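> below are the sequence and a predicted model for it; my questions follow.
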Amino acid sequence: MKKTGMKLSDVQEVYSGFEGALWELIMGEQIHIGGFASSKALGDSAGWKKDEEVLDLCSAVGGGVRFLTRVYDVKAYGVDATPHMVNRSIERIKAEGFADRIEIKLGDVTDIPYPDAKFDGVWGEDTWCYVEDKAKLIEEAARVLKPGGKIAFTDWLVGPAGMTEEDSARICTTMKFPDMLNLQEYSELLEKNGFEVVESADLTDTMAEHIENYLGQLAGQRHFDAMQLLGWNYDVFNFLGAEFGFMLEKAKSGEFGRGRLVAVKK
Ligand SMILES: C[S@@+](CC[C@H](N)C(=O)[O-])C[C@H]1O[C@@H](n2cnc3c(N)ncnc32)[C@H](O)[C@@H]1O
């Protein structure tokens with residue numbers, strides 16, 4: 001698809017302000033679709049082992065690294081480009097007593113601040129859709145992985161039914177994504193960078209129920225909290241409601257989707 005022109009600075013603005021807080025309000029500290037169950041399906045597919053070193057690319061408030069440490073007892077690392085998110089993740093990691101098991105760095109995932117072949121795993125959850133240069137991101141992930149290391153991620157995608165340029169640009173602009181790939185495009189990028197894809201799962205069929213859940217929370221149980229974050233601006237609330245309604249329609253038709261990929265570095 002054609003790029004929307006969204007830049008890292010637009011994404012940093014989102015995650016330093018009310019939009020990022022709104023996503024956390026409706027999704028929780030794991031800012032991705034499906035929360036714990038989605039992470040567990042991804043982690044079990046990757047098969048992380050105790051004491052392996054796993055790097056979360058776009059680690060946000062550290063929901064992912066804390067999940068990985070609690071559930072698989074790995075040594076987790078995170079990189080995120082928004083200082084506000086990095087600071088909050090470090091505070092929460094410390095508060096949970098994981099300061100000696102988790103390290104977070106401020107950085108851009110297309111220029112990962114770690115040496116070659118350091119990690120057993122690279123992890124990402126519903127977030128690489130924000131990255132401008134996805135080819136460079138996968139190249140960097142391959143660089144920091146040991147041979148035999150795994151990359152495991154979920155992401156928001158163009159669904160199996162395909163999407164028009166106009167519709168994908170509308171969703172990407174609302175969400176501040178530069179673009180979205182489809183499962184096939186991600187597989188090709190992985191293969192080009194020396195990975196063997198071991199799982200490529202289309203999760204589009206579960207997308208609509210999650211969007212309905214978020215819309216329900218915004219209008220119902222969490223309406224007051226959402227409006228506090230939005231400064232009681234009903235123009236913004238109505239805009240988001242309409243755009244999420246559009247995404248729901250596109251998810252139901254299989255045009256707007258999500259997927260899970262796991263691949264091994266040869
Ligand atoms: C949806 S949140 C990530 C959620 C996280 N994966 C989870 O499951 O909790 C998006 C995060 O990506 C970060 N981000 C976006 N583009 C980035 C880039 N190029 N480099 C590093 N971080 C980036 C943002 O700062 C933000 O904290």
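Good, I have the coordinates.

> pLDDT on stretch 128-147, on average?
For stretch 128-147, mean pLDDT is 98.

> quick one: end-to-end length of it, please.
Stretch 128-147 has an end-to-end distance of 22 Å (Cα to Cα, to the nearest Å).

> and that stretch, which residues are buried?
128-132, 134, 137-145 (16 or more other Cβ atoms under 10 Å). C-beta here means a position set from N, CA and C on the backbone, and glycine is covered the same way.

> residue ranges with poor pLDDT in the stretch 101-250 of the chain?
Low-confidence segments of the stretch 101-250 of the chain (pLDDT under 70): none present.

> what about the helices in it?
In the stretch 101-250 of the chain, helices defined by DSSP state H, counting those that start in this stretch lie at 134-144, 165-175, 183-192, 207-219, 223-229, 234-252, listed in chain order.

> which one of the ones you listed lies closest to Asn87?
Nearest of the helices of the stretch 101-250 of the chain to Asn87, taken as Cβ to Cβ: helix 223-229 at 18.8 Å.

> quick one: list the elements packing against that closest one.
Here helix 223-229 touches helix 18-27, going by 3 or more Cβ pairs under 8 Å, 6 or more residues apart in numbering; DSSP states H and E.

> coming back round to it: what's the most buried one of the helices of the stretch 101-250 of the chain?
Greatest average neighbour count among those goes to helix 134-144 (a mean of 21), per mean count of other Cβ atoms under 10 Å.

> that helix near the ligand at all?
No: counting by Cβ under 6 Å from any ligand atom, the ligand has no neighbours in helix 134-144; the shortest distance is 7.4 Å.

> related to what we said a few turns ago, so which of the helices of the stretch 101-250 of the chain is nearest Ala41?
helix 207-219 (14.0 Å).

> how big is the angle separating that closest one from helix 234-252?
Inter-element angle recorded for helix 207-219 and helix 234-252: 160 degrees (by axes from the mean of the first three to the mean of the last three Cα atoms, to 10 degrees).
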